[in-house]
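Student: Following is a predicted model, sequence given first.
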Amino acid sequence: MLKEVTSSQLTLDECGKEARWPRINDIAVQCGTSAIELAIEICPVIYAGYNETLLILNHMLDPVCRATLDQSVTPPVARFHFPLNMTHGCGSIFRPTSAPGTGIFSDFSSNISGVVQSFEPTTGKISYKNELMYFYSCSYPLEYMINHTQLNVSATSILVKDNNGSFISTLSMKLFSDADYTQPLVIPQWGIELRTDVYVEIKATNLTRQYNVLLDRCYATISPLPSNSSIFNLFVSCSKDQFTNMIENGDSQRARFKFPAFRFIEHEKEPVSTYYIHCIIRLCERSTCGTFKDCTQRTKRSTLDTSEVGITKAYTIISPKIITKADNVKSKEKPLVAEKSNSVVGLGVGVGVLAFAFLIALIIAVVFYKRFRKH
């Protein structure tokens, strides 16, 4: 019989008939509209030699991600409660899937998954306890996930409140191929060339003259959802990549910048590199925009303080998909041409040698023939 390990408030004796080995259906998952809740029957956990303090969610030791014991229900359970948020999801994996969704994301859904594992506190080389693993998974329409995490693709509607009331404005992000921002960037399925200038414009419509558009941060990820994805910062407040050129920001109801098309290194073995640009946007009052743009006053903070007067909360907007093709698409063709050219040269040299040898043989034959006739 395993040594009894007591929970903070519950003992194995108090479990009674519920004291048994864990089963696969001991976990209940509630996929809520703003949070996910897990309920794991605690008596089988205690019977296996653990307690609720030794159940770890996705290897997260943050107190907000730890279980709490609920003895108000029968049987008693260990509860986990964490928000439906990619930033504070207690290590959950957010992954877009090809399952049917809704709205503009009708071809996609989002799956959120993870695992609760038992933790062995002993430091020895062996253990007599079974490792416990409880898996969970929730699926949501991708449109729902994006709307409820303040993300959207290409455009988003926002509610702005000021002293004169409320109004709805639309923020949009568009890509252009020219410095005049008149030619939309057309991206073929095989991608654009590396180092192609990509001109980005974020624009607000139906916005009163009181506000300007201010970019706080723009970055690239290989997934439309930034969680669990490689990130490359184009700029963060006053710090920017050396190849990013900020053209206009905080001066009007549009913001503009450009960058040369690049590839993610993890796509080096693939013919194309696909990524998305995410921009964190705020609306600043025209009278205060200059203050927020002043880098000398922002050297100690990487992003804007949402509590400051004269600026709204942040909104995140995502660009259309950007596809960049590899440089070696062309370089692979050149060796073939060179090889073909070398073959032709080699063939020509060979024919020349044979012709010269034939000519020498012919001259020798003529000489011998003339000598033979004299005799």
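Tutor: Nice, thanks for sending it over.

Student: Which residue ranges of the stretch 1-150 of the chain form helices?
Tutor: Secondary structure of the stretch 1-150 of the chain (DSSP state H, counting those that start in this stretch): helices at 12-15, 42-47, 142-147.

Student: and those, which one is worst for confidence?
Tutor: Ranked on mean pLDDT, the bottom entry among the helices of the stretch 1-150 of the chain is helix 142-147, at a mean of 47.

Student: residue contacts, residue 75?
Tutor: By CB atoms under 8 Å, 6 or more residues apart in numbering, the residues touching residue 75 are 15, 18, 41, 42, 43. Where C-beta positions appear, they are placed from N, C-alpha and C, glycine not excepted.

Student: For residue 47, see how far away it is.
Tutor: 12 Å (CB to CB, to the nearest Å).

Student: what residues do the two have in common as contacts?
Tutor: With CB under 8 Å, 6+ apart as the test, residue 75 and residue 47 both reach residue 15.

Student: Could you give the bridge partners of the closest residue to residue 205 other than its chain neighbours?
Tutor: Nearest non-adjacent residue to residue 205, counting by CB to CB, 6 or more residues apart in numbering: residue 170, 4.9 Å away. Beta bridges link residue 170 to residue 157, residue 205, judged by DSSP bridges.

Student: Tell me the spacing between residue 170 and residue 18.
Tutor: Distance, residue 170 to residue 18, using CB to CB: 55 Å.

Student: Then residue 254?
Tutor: Applying CB to CB to residue 254 and residue 18 gives a distance of 63 Å.

Student: Let me see the ranges of the strands in the stretch 51-200 of the chain.
Tutor: Applying DSSP state E, counting those that start in this stretch to the stretch 51-200 of the chain gives strands spanning 55-57, 68-70, 77-83, 93-97, 109-118, 133-141, 155-162, 165-176, 197-205.

Student: ranges for the strands of the stretch 251-375 of the chain?
Tutor: 254-260, 272-285, 315-318, 322-325.

Student: picking up where we left off before, pick out the shakiest of the strands of the stretch 51-200 of the chain, pLDDT-wise.
Tutor: Comparing mean pLDDT across the strands of the stretch 51-200 of the chain, the weakest is strand 155-162, with a mean of 50.

Student: Give the buried residues for stretch 184-192.
Tutor: Judged by neighbour count (16 or more other CB atoms under 10 Å), stretch 184-192 contains these buried residues: 185, 187, 191, 192.

Student: Which residue is the nearest non-sequential neighbour of the third one?
Tutor: Counting by CB to CB, 6+ apart, residue 325 is the residue found nearest to residue 191 once chain neighbours are left out, at 3.4 Å.

Student: repeat for the last one
Tutor: Nearest in space to residue 192, with sequence neighbours left out and distances taken as CB to CB, 6+ apart, is residue 261 at 5.4 Å.

Student: same question, the first one
Tutor: Distances taken as CB to CB, 6+ apart put residue 175 closest to residue 185, at 4.0 Å, once the chain neighbours are dropped.

Student: Identify the residues contacting that neighbour.
Tutor: Counted by CB under 8 Å, 6+ apart, residue 175 has contacts 184, 185, 198, 199, 200, 201, 319, 320, 322.

Student: And for residue 270?
Tutor: Contacts of residue 270 by CB under 8 Å, 6+ apart are residue 326.

Student: Now do it against residue 135, distance only.
Tutor: 31 Å.

Student: tally of neighbours for residue 35?
Tutor: By other CB atoms under 10 Å, 13 other residues sit near residue 35.
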